[in-house]
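Student: coordinates for the following, if possible.
(2 chains)
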Amino acid sequence: MPAHVLIAEDEPNIVESLSFILSREGCEVTAVFDGRAVIDKIGTMRPDLVILDVMLPKMNGFEVLKWIKSNPDLKGVPVMILTAKGQDKDRKTAEELGADAFVTKPFSNREVVERVMTLASA
Amino acid sequence: MLSANVVLVTALAYVALLFIVAFVSDRRARAGRVGLAHSPLIYTLSISVYCTSWTFYGAVGSAARDGLEFVTIYLGPTLVFVGWWFVLRKLVRIGRVHRISSVADLVSSRYGKSTTLAVLVTIIAVIASTPYIALQLKAVTISFSVVGSAGNEAVIDVSTAFWVAAGMAAFTILFGTRNIDANERHHGVVAAIALEALVKLVALLAVGIFVVFGVAGGLGEVFAMPGASIVIDPDTVYGPRWMAMTFLAGTAILCLPRQFQVTVVENADEGQLRTASWLFPLYLFLMCCSILPIAIAGLTLLPPGANPDMFVLTLPMAQGQDALALLAFIGGFSSATSMVIVACIALSIMVSNHIVIPVVLRLPVLSQAVSGDMKRLLLVSRRISIGLLLLLGFGYFVASAQSDALAAMGLIAFAGAAQILPAMVGGLYWRSASKAGAAAGMFAGFLVWMYTLVLPNFEGVWFVTHGLMVDGPWGLGWLRPHALFGIQGDDPLVHSVFWSMTVNIVLFVAVSLIREQNPLERLQGTLFVDVFRNPAESEGRFITRSATVDDLYVMTQRILGAEEAQRVFAEFAQRQGATGDMPRPDAAFISHLERLLAGGIGAASARVMISQVVTGETISLDELIRLVDETQQVIEYSQRLEAKSQELQQTAKALQDANERLRLLDAQKDDFLSQVSHEVRTPMASIRSFSEILLDNPDLESERSRKYLKIIQDETLRLSRLLDEILDVSHLDSGQFALRLADVDGARILEHAVETSRGMAASAGVAIDYGPCVEQAPIRADGDRLAQVFMNILSNAIKYNTSEQPRVTVSSRIDGGSYFAYVDDNGPGIPAEDRERIFAKFARGRELTPGHRTGAGLGLSISRSIARMLGGDLELLPEPGRGSGRGGARFRLRLPLRSETAAAAGE
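Tutor: Purely as a prediction, here's the structure:
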């Protein structure tokens, strides 16, 4: 069964590249462009992994992360933060909120793929 | 009904009580337990020696005869204690630092330790005090006979007065002449005086309360009595006599020997004065309270012709209150005895120190060096002085027994003592006040006082004929005692005070200005005037002299006795760090010794004694001038210091502000860098990711790889734009943003920007229209930068327009010397709360559709900065999409027209 990945990212080019590399590994990719859309869709989609940007319109990635982690229905859905905010304090925030991976932009395609495969199959 | 015996026994019992109090206090003080004696309360009560029998009995008499005039006697000291507190403080400080033993010693010491002045002040004090002492004897005698004879016509019994005088002399000698260092203070006497102060206050208040509530039945009733109209007579208030009496009462509290004794000599620390400055006026007020009711009731209830001076006694007696009358008698007795005792102590110190000792020192026969001989001589001469003073007072009493006005005698004494005031207060504040000036003023004032105020009292005695009073001496009318130079006031007292004080002050100032001070005067003047800055020890700096330590020792033990002299020498030797008990006889030690001796025998006599054993005395004027200069410098220095410290404070504040700003800037910089990093990382992420895809997938179909390469190219361009903007922001922030100003046409630049944007607009499907535009807009600006601003606004309007039929409208106009360019769009518009925020760095609209985030949010910030640098502004107008009703945003760029065109447009 192909892993289902939900990407929240407002940069279309990043969505494009992520879609490309993850599709090639057999993942099914759904992209949304703001934070609110994740909350709207996640319940019906039941993704195997969520990739969140932090600087999202309407609701930022950390808020979305917090919401996911505090929702008992979504227990076991891993979240990967993929952000251009690369400071230690951002990493710390992500960890505290229960992020399963933290990857900074610009990212290595291989690293993203590896992390996604590990998290999605777990 | 009181019998004379009851009164006598009570009085004797009271005297015995005073003895016990004085004795116990003395014993405690000798045992080193001075706690109570140093209390400010005791000190204040002892100052109340001011309230003599004159105030006790006489104030009522004065109120009954002259209305409210008596208030001045309380008003003067109150004004001094409240308003001239600083003078008292200076007096007390000088008194302690220079070991001043009396008011004569103060004046003498200030003016170069002058024996002449000491003698002059002593003589004035003795002459001025004699009527006053007589007055007390008289008061006690009359009151005794009034109380003892049960209200019968008072007879003045000379023998009573004599025994009273003798008793007072005994008490004073016993407790007033135990020590020879006046600065060792008379604890026993002070304690007794304080007790007496309480007794007289209680007694007068008791009579007052009895009159108000026991006789009249309330305060209102008292003032409703017929006598009130006589006492409360507004004519007596604020006239020349009122002023003169207030002045005299004020000077008395400073100059009367007994007041100086209790206020300055007996003062233990300056803190006591702080309490006294409010407590003593309060005491006076309480004393004052009873007087009006007693006077009014006395005038109303007692038969006409009753002596108003005795109302305090006769009123309770007439009401059958014998016990109260007895209490009042004891109160009056207290007032009289306390005054006589303190006055005699003060005067005896002055007589022995300033008259007896100088004479002895000049008699070769008596100047044999025997240990402690001076001490014995001092004590004996003080005891004899006390006896003589009381005898003098007694004699005056006998001579003037006919007159029955107590207050008049008191005022004569006050006016006499006031002659000391100019030299005393002038010496505290005027460095150039000289000995000659002080002597001339005081002597002349004293003579005028004698002639105009004392002499007329003896009309009919000796040469004082009626003719002298009426026609003047030798028939010279302008020399009449009550009308000097033809100026005849209503009142002899005002006349005398006016002339004596005028002559005194004028001569004091004039002679001081004319006559040079000798070096010692100048030194003492400086040390007194600047007492708060110069310790007395600095005297040793100015006087160079030498002596053998043996001579000094022999001299010291003559005055202090061998035991005390040894202690003093050993103590100073220790201070010098010398081995053994004998100090080095250097200038500092000699000055120290002189000051110590001055406490016992007065400054002038101490100087004479020291002069007998020292050689080679010189007073360094250079040093003195340096001292004065130093003082000046210290003042200037402290002023500069103050200014400096204020400056520093301001600098510190400025630094703090700057620091705060820096911290804010630092936080902003961190924020900025973090934003920049974020903005750079985003396109970099695309570039890296797509590069890796292209590298890892060489077999990618060409259409897709072209697309990815295009993305890489776009993102690279976006990155360079971003870097340009960051550089702009950085330059704008640091003020290094350079504008190449030229005369340009704003209308043309706008048009050019619109045409350039058309390509971008076309690809985004946005239509660009012109609204009404001006043909020409002559402005002074940097054309490239202005184009950048226009482009930025236009591209924003194009990029963020999500309308179905996106349209951008450009218009412009000229108004009031400014060129306005408008860019309207029919996009989603910007919420009011974001209208200013979008001009901040890295700010973007919140509701952005994906794919439109191509800028870093710096464009508007940069554009506004540029517009402002060009003297205009860039704003987002509050009424979006004017007339369209569809929202949208409207930006307005304002730029000033070139000045010559603006002027032309204005014509």
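Student: and chain A, which residues reach chain B?
Tutor: Within chain A, the positions near chain B by CB under 8 Å from any CB of the partner chain are A:10-14, A:16-18, A:20-21, A:33-34, A:55, A:57-58, A:84-87, A:104-110. Glycine gets a C-beta too; all of them are placed from N, C-alpha and C.
Student: now the strand or helix carrying residue A:66: buried residues?
Tutor: Using DSSP states H and E, residue A:66 maps to helix A:61-69. Neighbour counts using 16 or more other CB atoms under 10 Å in any protein chain shown place A:61-65, A:67-68 of helix A:61-69 among the buried residues.
Student: distance between it and the chain's centre?
Tutor: 10 Å (CA atoms, centre = their mean, to the nearest Å).
Student: contacts for that helix?
Tutor: A:8, A:35, A:38-39, A:42, A:50, A:52-56, A:74, A:77, A:79, A:81, A:83, A:93-94, A:97-99 (CB atoms under 8 Å, 6 or more residues apart in numbering or on different chains).
Student: what does stretch B:782-798 give?
Tutor: Applying CB under 8 Å, 6+ apart, the external contacts of stretch B:782-798 come out as B:739-742, B:744, B:746, B:749-750, B:752-754, B:756-757, B:760-761, B:764, B:766, B:768, B:806, B:808, B:810, B:821, B:823-825, B:827, B:855, B:859-860, B:862-863, B:866-867, B:870, B:874, B:889, B:891, B:893, B:895.
Student: out of those, list just those in strands.
Tutor: Counted as lying in strands by DSSP state E, out of the contacts of stretch B:782-798, are B:742, B:744, B:768, B:808, B:810, B:821, B:823-825, B:874, B:891, B:893, B:895.
Student: ok, so of the residues you listed, who is nearest residue B:733?
Tutor: Lowest distance from residue B:733 to these (CB to CB) belongs to residue B:874, with 17.0 Å.
Student: so how far is stretch B:432-440 from its chain's centroid?
Tutor: From the chain centre to the centre of stretch B:432-440 is a distance of 29 Å (CA atoms, centre = their mean).
Student: so of the residues of chain A next to chain B, which ones are in strands?
Tutor: Of the positions in these, residue A:104 sit in strands, assigned by DSSP E.
Student: sec struct for residue B:780, please.
Tutor: strand (DSSP: H, G, I helix; E, B strand; the rest coil).
Student: doesn't residue B:898 make contact with it?
Tutor: Yes: counting by CB atoms under 8 Å, residue B:780 does reach residue B:898; the two are 5.3 Å apart.
Student: identify the contacts common to the two.
Tutor: Counting by CB under 8 Å, 6+ apart, the residues touching both residue B:780 and residue B:898 are residue B:743.
Student: which residue lies nearest the spatial centre of chain A?
Tutor: Nearest residue to the geometric centre of chain A (CA atoms, centre = their mean): residue A:51, 0.9 Å.
Student: show me the helices in chain A, by range?
Tutor: Per DSSP state H, chain A carries helices over the ranges A:12-24, A:35-45, A:61-69, A:88-96, A:109-121.
Student: nearest to residue B:730, out of those helices?
Tutor: helix A:88-96 (24.1 Å).
Student: now tell me what touches that closest one from outside.
Tutor: Residues outside helix A:88-96 that contact it (CB under 8 Å, 6+ apart): A:54, A:62, A:65, A:81, A:83, A:102.
Student: okay if I get the residues you listed as a markdown table plus pLDDT?
Tutor: As requested, the contacts of helix A:88-96 are exported to a markdown table (pLDDT from 0 to 100):
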| residue | pLDDT |
| --- | --- |
| A:54 | 88 |
| A:62 | 90 |
| A:65 | 91 |
| A:81 | 92 |
| A:83 | 89 |
| A:102 | 91 |
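Student: OK, now which residue of the stretch 351-500 of chain B is nearest to chain A?
Tutor: Closest approach between the stretch 351-500 of chain B and chain A, counting by CB to the nearest CB: residue B:429, at 71.2 Å.
Student: for residue 27, give me its contacts.
Tutor: Because you didn't say which chain, this covers chain A. The contact partners of residue A:27, by CB under 8 Å, 6+ apart, come to A:2-5, A:116, A:120.
Student: among those residues, which ones are buried?
Tutor: A:3-5, A:116, A:120.
Student: which of the three states applies to the most far-flung residue of chain B relative to its centre?
Tutor: In chain B, counting by CA atoms, centre = their mean, residue B:699 sits farthest out from the average C-alpha position, at 98.1 Å. Three-state call for residue B:699 (three-state DSSP): coil.
Student: distance of it relative to chain A?
Tutor: 12 Å (CB to the nearest CB, to the nearest Å).
Student: so what pLDDT did that residue get?
Tutor: For residue B:699, the pLDDT comes out at 87.
Student: got phi/psi on it?
Tutor: Note on residue B:699: backbone dihedrals following degrees, to the nearest 10 are phi -90, psi 10.
Student: distance of it from residue B:306?
Tutor: Remark: distance between residue B:699 and residue B:306 (CB to CB, to the nearest Å) = 143 Å.
Student: same check on residue B:327?
Tutor: 20 Å.
Student: neighbour-wise, which of these two wins?
Tutor: Neighbours per residue, other CB atoms under 10 Å in any protein chain shown: of residue B:327 and residue B:306, the larger number sits with residue B:327, 20 against 17.
Student: list the contacts of the more buried one.
Tutor: Shown in contact with residue B:327 (CB under 8 Å, 6+ apart): B:202-203, B:206-207.
Student: in helices, which of those fall?
Tutor: Short answer: those in helices (DSSP H) are B:202-203, B:206-207.
Student: need the buried ones from these selected in ChimeraX.
Tutor: Burial among those is assessed by 16+ other CB under 10 Å; the matching ChimeraX selection reads:
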select /B:203,206,207
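Student: could you dump the ones in helices among the contacts of residue B:327 to TSV with pLDDT and distance to residue B:772?
Tutor: Formatted as TSV, these follow (pLDDT from 0 to 100; distance: CB to CB, whole Å):
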residue	pLDDT	distance to residue B:772
B:202	91	102
B:203	90	105
B:206	90	104
B:207	89	104
